[in-house]
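J.: got a sequence here, can you build the structure:
(4 chains)
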Protein chains: 2
Amino acid sequence: MSQHSGSDPEVAEERSGPKTERGRRTLRRLLDAAGEEFGARGYHDTAISNITQGAGVGLGTFYVYFKSKEEVFRALVADMGARTRHAMTESTRGAHDRLEAERLGIQAFIEFVRSHKALYRVVMEAQFVAPEAYRDYYRTFAAAYRQQLAQAASRGEISEGQDDEVRVWALMGASSFLGIRYGIWDADTDSASVAEAASDLMINGLAPRAAKDKAPK
Amino acid sequence: MSQHSGSDPEVAEERSGPKTERGRRTLRRLLDAAGEEFGARGYHDTAISNITQGAGVGLGTFYVYFKSKEEVFRALVADMGARTRHAMTESTRGAHDRLEAERLGIQAFIEFVRSHKALYRVVMEAQFVAPEAYRDYYRTFAAAYRQQLAQAASRGEISEGQDDEVRVWALMGASSFLGIRYGIWDADTDSASVAEAASDLMINGLAPRAAKDKAPK
DNA sequence: TCGGAACCTGAATGTTGACTCATGTTTCAA
DNA sequence: TTGAAACATGAGTCAACATTCAGGTTCCGA
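T.: Purely as a prediction, here's the structure:
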C-alpha cells in the first residue's frame, strides 16, 4: 500500500536516501501527502505548504528531501508507473489465455483507477508538468504489453497483427479512456460489465458476426 | 480555417461580440495568439502579456474581450471541439460503410492532430484547467459517435454491441492515444498504415482469424 | 463638425508562492 | 559524555503575473 515501489524515487540527496529511520518516515509522509494534495487540487493549485502541512512537518523540511516541487511530482509519477504495472500483472496472472487476460486487465484497470483516483490524476497531469515522466510511464507500459502480445501471437492465442506497437497503443488508449469514463466520472457502473463489453470489442471487433443460422443480407 | 466555429465563443461582453470590424479583427487576433501561446507553452507558463504581444495589442486590450485568462482558454476548447467534429465528419463522408469510415476516421484524426498540434494540446490540458469544457468536448463527440454506431448496427454494417457507450469510449480512447503517439510524438510515421493496422484491430479484434485452409490447433 | 460609443493602452496594484538560510534539535557512534 | 552528522524549522526574500483603472484614440451617424 505505501511501499512506494522497488527503486527509490529520486530524492534530492545526491546519493542514497535518508540515513535514519526518522528520515525515512518523514520522506514517506511527504510523498504520501504530496500524492494526496496533487491528486486533489492539481499541481498548480497545490502549494508546498499544503504538502508539508499534510505531512505534519515544517515548510523547510520539504527541501531537505526534494530539490523542487517538480521533483516530488516526478517521483510520484514513477511510483504510480510501478504500481500500475504491478496491478495489471497481478490481475491477469490467472488468465487461461491472452483473450481472457485482456478482459481481466480492462476490468482491473478500471478498478485500479477507481481506488487510486487521486494518484491517477497525477499521472495524467504529468503530461503537462513532467512530459518526460509521462512518456516513460507509457513507453515502459507499452514495452511490457507488446511482449505479452507477441508471445500470445506465437502461441496462436491472438492474431498476428500488422503492427503490435499500433495495437498496443490502441489498447492502452481504450483502457485509459474507459478508466476515466467509468473509473472517475461514473464510478458506480459495474466494472465487470464494462470490461465485458469492452473486451468483446477488443477481441471480436466491430465487424458483424458471421451468421451461423441465418444467411447474411 | 479561422472561422472559429458557429456559435460565438463566450466573450466578456455581456451580450454580443465586437460591434465594429476593427473589434472583430482584434478578437480574432487575440484568439489566434492565445491558441499559439497556450499550445506552445501550456496554460500556466503562458502570461497574458505573451498573448497580447503575440496579437500585437496592448495588455489592457485583452480584458476588453475576455473576463479572465480561463475564459479564452475555454473559448479555445469549444472552438477545437467544433473543428474536430467537423474534420471527422468530412473525412468519413465518402465511406461506403461504417467499417471503412472507422479506418478513414482514425487516419484523419492522426492527421488532424499533426496539423493542429498546438491546439490539440490545449484540448488535453483542458482536463485540468477547465474540466467542464473537457467533458463537454468528449461528451458531445461521444453522442455523435454513438449515433453513427447505432445506425450502422441497424444497417447490419457492424455487430450489435453489448453497450455502445462503452464501445464509443474505447474507440475514442484508441484514436486519442494513436493521435498522441503518431500525431505528436512520432509524426513521421505513415498515417495510412497506422490507420490500417489500428482499424484492423478495431474491426476484427485480437481473436485469431478462423482458419480457412488450415484446421485450428 | 460634433458627441458619444467603441475600442485601446500600459503603468500600477496586490497577491501568491517557490525557494533560501541562519538557527535550532535529535540521534548515535566512539 | 560528546561532537558531528542528520534532520527540522519558518520567517524572509524575490520574482512573476493576473487584473484594474484612469486616461487616451478612433470611428461614425446626425
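
J.: excluding its backbone neighbours, what's nearest A:A33?
T.: Leaving aside its sequence neighbours, A:A33 sits nearest to A:G54 (C-beta to C-beta, 6 or more residues apart in numbering or on different chains; 3.4 Å). (C-beta placed from N, C-alpha, C; glycine too.)

J.: ok, the one you found to B:M124 distance?
T.: Remark: distance between A:G54 and B:M124 (C-beta to C-beta, to the nearest Å) = 28 Å.

J.: same question, A:Y138
T.: Noted for A:Y138: a distance of 14 Å to B:M124, by C-beta to C-beta.

J.: higher neighbour count, the two?
T.: Legend: neighbour count by other C-beta atoms under 10 Å in any protein chain shown for A:Y138 and B:M124, higher for A:Y138 (22 against 19).

J.: report the contact partners of the more buried one.
T.: Taking C-beta atoms under 8 Å, 6 or more residues apart in numbering or on different chains, we find A:Y138 in contact with A:M172.

J.: what do you get if the cut-off is 10 Å, keeping everything else the same?
T.: A:81, A:123, A:127, A:145, A:168-169, A:172-173, A:176, B:177, B:180-181, B:185 (C-beta atoms under 10 Å, 6 or more residues apart in numbering or on different chains).

J.: list only buried entries from those residues.
T.: Buried members of the contacts of A:Y138, counted by 16 or more other C-beta atoms under 10 Å in any protein chain shown: A:81, A:123, A:127, A:145, A:168-169, A:172-173, A:176, B:177, B:180-181.

J.: which strands or helices does the helix or strand hosting A:S193 pack on?
T.: In the assignment (DSSP states H and E), A:S193 maps to helix A:191-204. Applying 3 or more C-beta pairs under 10 Å, 6 or more residues apart in numbering or on different chains; DSSP states H and E, one finds that helix A:191-204 contacts helix A:98-115, helix A:164-178, helix B:164-178, helix B:191-204.

J.: next, A:K19: secondary structure please.
T.: Assigned by DSSP: H, G, I helix; E, B strand; the rest coil, the conformation of A:K19 is coil.

J.: okay, A:L76 and B:M202: tell me how far apart.
T.: Taking C-beta to C-beta, one finds A:L76 at 33 Å from B:M202.

J.: model confidence score at the closest residue to A:Y43 other than its chain neighbours, please.
T.: Nearest non-adjacent residue to A:Y43, counting by C-beta to C-beta, 6+ apart: A:V129, 4.8 Å away. Looking at A:V129, its pLDDT stands at 98.

J.: what number of residues lie near the closest residue in space to A:S49 that isn't next to it in sequence?
T.: Using C-beta to C-beta, 6+ apart and skipping the chain neighbours, the partner closest in space to A:S49 is A:L59 (5.6 Å). For A:L59, the neighbour count with other C-beta under 10 Å is 12.

J.: so which helix or strand takes in the residue nearest to the spatial centre of chain A?
T.: Geometric centre of chain A, nearest residue: A:T84, 4.0 Å, by C-alpha atoms, centre = their mean. For A:T84, the host element (DSSP H and E) is helix A:69-92.

J.: in that helix, what's buried?
T.: In terms of neighbour count (16+ other C-beta under 10 Å), helix A:69-92 has its buried residues at A:69, A:71-85, A:87-88, A:91-92.

J.: wait, does it contact DNA strand C?
T.: Yes. Contact of helix A:69-92 with DNA strand C (C-beta under 7 Å from any atom of the strand) involves A:69-70.

J.: other SSEs contacting that helix?
T.: Partner elements for helix A:69-92 (3+ C-beta pairs under 10 Å, 6+ apart): helix A:21-41, helix A:48-55, helix A:59-65, helix A:98-115, helix A:117-129, helix A:131-154.

J.: closest one to A:A195 among those?
T.: Nearest of these to A:A195, taken as C-beta to C-beta: helix A:98-115 at 3.4 Å.

J.: give me every residue that touches the residue of chain A found nearest DNA strand D.
T.: Proximity of chain A to DNA strand D (C-beta to the nearest atom of the strand) peaks at A:G60, 1.8 Å away. By C-beta under 10 Å, 6+ apart, the contact set of A:G60 is A:48, A:52.

J.: again with A:R25
T.: So A:R25 contacts A:P18 (C-beta under 10 Å, 6+ apart).

J.: relative to A:L31, how far out is it?
T.: 11 Å.

J.: for A:A174, same thing?
T.: 31 Å.

J.: who has more neighbours out of the two?
T.: Set A:A174 next to A:L31 and count neighbours by other C-beta under 10 Å: A:A174 wins out with 30 against 22.

J.: A:M172 against A:A143, yeah?
T.: No. Using C-beta atoms under 10 Å, A:M172 is not in contact with A:A143; the gap is 11.5 Å.

J.: follow-up on the earlier one: how about the contacts made by the residue nearest to A:A33?
T.: Shown in contact with A:G54 (C-beta under 10 Å, 6+ apart): A:29-30, A:32-37, A:40, A:46.

J.: kindly report the same for A:T20.
T.: A:T26.

J.: got the confidence number for it?
T.: 95.

J.: repeat that for the one 3 residues further on.
T.: The predicted structure scores A:G23 at 97 on the pLDDT scale.

J.: what is the burial count for it?
T.: 15.

J.: cool, and the one 3 residues further on?
T.: Residues contacting A:T26 under the criterion other C-beta under 10 Å number 19.

J.: what about chain A, any weak spots by pLDDT?
T.: Applying pLDDT under 70 to chain A flags the ranges A:1-16, A:211-217.

J.: at 80 instead, please
T.: A:1-16, A:210-217 (pLDDT under 80).
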